[in-house]
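S.K.: Next come a sequence and a model predicted from it.
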Amino acid sequence: MLFKEKGLFRYENNPIITPADYPGALAVFNCGQTMYQGQTILLCAIDPANGGLPYIHVARSDDGIHFTFDEKPFITQSRLPHIKELDWWPIDPRVTYFPEEDVYYIMRPGNSDAGCVAFLGKTHDFVTYEDIDVIALPNNRVPCLFPEKINGMYYRLDRPYVLLNDPHNENQRGYIWISESPDLIHWGRHRILLRPWANWNIVKIGPTPPIKTKDGWLEIIHGVSGSCSGQRYSLGAVLLDLEDPTKVIGRCDEPLITPDREYEYMGKVPNVIFTCGAIADYGEDRLRVYYGAADTSIGLATGSLSEIIAMCKQK
Ligand code: BMA
């Protein structure tokens, strides 16, 4: 192995879900993740081998390692006729449990010929999914919601693209923005929260739903670096002020995990570790991250919440 593990450590029998676990899949990857009724729930992106469009399927587990897929897909295309045309291709769902309303909100990109918009939807049981509306214009791929209102407002993070007039998109840049809303539909006061700050994230960065800790909002991000042989996706962490999440109070200099195993180097998109979230096991001081490996399978990495927070605070 090339890199010393720090921050997030791989489960020894990774990958825990591969396309072989889902008949007809070319890839089972980037998953939303949360706890529901004592079970770990993954909302997995499924890329069908028959060339059809990707969709989202629920997998459930009692031990967080062995997962069983539900019978039917969970999110295919939007069922709302007036927004269906913007939702050819649902991927990368980001789940936020909102205790105040006892609901799981799901934000996700919806891809179409008009670009990539941000969708908001919800579920109460991970059986029935309901679209609410389109909440961001193209191109916005990475919307995610804070788990509670702050000073009376909903807050979200996202990552609109900046395209630097390059037909091959090689000069894409992406910063993390923060915005607020009184009702989840109308968003405003958009501010840049974070720009790339290190070589491992110099091309673009993207957020996941923030996790509340006593030290601040812990925010697991992906960071992309470039080289002559392509891009590399790693994960890192940032800490935001609890009272005012527009303030960055810490960030890790080095990635918590970066591609370093065959199943991360090889697959549909090589050199990718990507996540749509993380699960905090507060009682065990543990963070669990179910990550997409090479856009093909799912790996599990765990770390100590307090150590990751300390890594952010060093900066
Ligand atoms: C990002 C997203 C992810 C994907 C990653 C690497 O832009 O589209 O779904 O895992 O690229 O291909």
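M.R.: Received the coordinates, thanks.

S.K.: so the closest residue to residue 302 other than its chain neighbours bridges to which residues?
M.R.: With CB to CB, 6 or more residues apart in numbering as the criterion, residue 302 has its nearest non-adjacent residue at 5.3 Å, and that residue is residue 288. For every residue, glycine as well, the C-beta is placed using N, CA and C. Per DSSP bridges, the residues bridged to residue 288 are residue 279, residue 302.

S.K.: Would you agree residue 288 is in contact with residue 277?
M.R.: No. Using CB atoms under 8 Å, residue 288 is not in contact with residue 277; the gap is 9.8 Å.

S.K.: Among those two, which residue is more densely surrounded?
M.R.: Comparing residue 288 with residue 277 by other CB atoms under 10 Å, the one with more neighbours is residue 277, at 27 against 21.

S.K.: So that one, which state does it fall into?
M.R.: coil (DSSP: H, G, I helix; E, B strand; the rest coil).

S.K.: What distance do you get for it to the ligand?
M.R.: Going from residue 277 to the ligand by CB to the nearest ligand atom, to the nearest Å gives 13 Å.

S.K.: what residue lies at the spatial centre of this structure?
M.R.: Among the residues of the chain, the one closest to the centroid is residue 276, at 1.6 Å (CA atoms, centre = their mean).

S.K.: Am I right that that residue is in contact with residue 106?
M.R.: No. With contact defined as CB under 8 Å, residue 276 does not reach residue 106; the gap is 9.9 Å.

S.K.: hey, what's in contact with both of those two?
M.R.: 32, 43, 93, 94, 95 (CB atoms under 8 Å, 6 or more residues apart in numbering).

S.K.: Can you pull the phi/psi pair for the residue nearest to residue 19 when sequence neighbours are not counted?
M.R.: Spatial nearest neighbour of residue 19, excluding adjacent residues (CB to CB, 6+ apart): residue 25 at 4.4 Å. The phi/psi pair for residue 25 (degrees, to the nearest 10) reads phi -100, psi 140.

S.K.: Burial check on residue 25, number of neighbours?
M.R.: What residue 25 shows, counting by other CB under 10 Å, is a neighbour count of 24.

S.K.: and if you look at the one 4 residues further on?
M.R.: By other CB under 10 Å, the residues close to residue 29 number 32.

S.K.: same thing with residue 68?
M.R.: Neighbourhood size, residue 68 [other CB under 10 Å]: 11.

S.K.: what's near enough to touch the closest residue to residue 69 other than its chain neighbours?
M.R.: In space, and not counting its chain neighbours, residue 69 is closest to residue 59: 5.0 Å by CB to CB, 6+ apart. Taking CB under 8 Å, 6+ apart, we find residue 59 in contact with 17, 31, 41, 42, 44, 67, 68, 69, 70.

S.K.: Buried members of the residues you listed into ChimeraX, please.
M.R.: To isolate the buried ones among the contacts of residue 59 in ChimeraX, judged by 16 or more other CB atoms under 10 Å, type:
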select :17,31,41,42,44,67,69
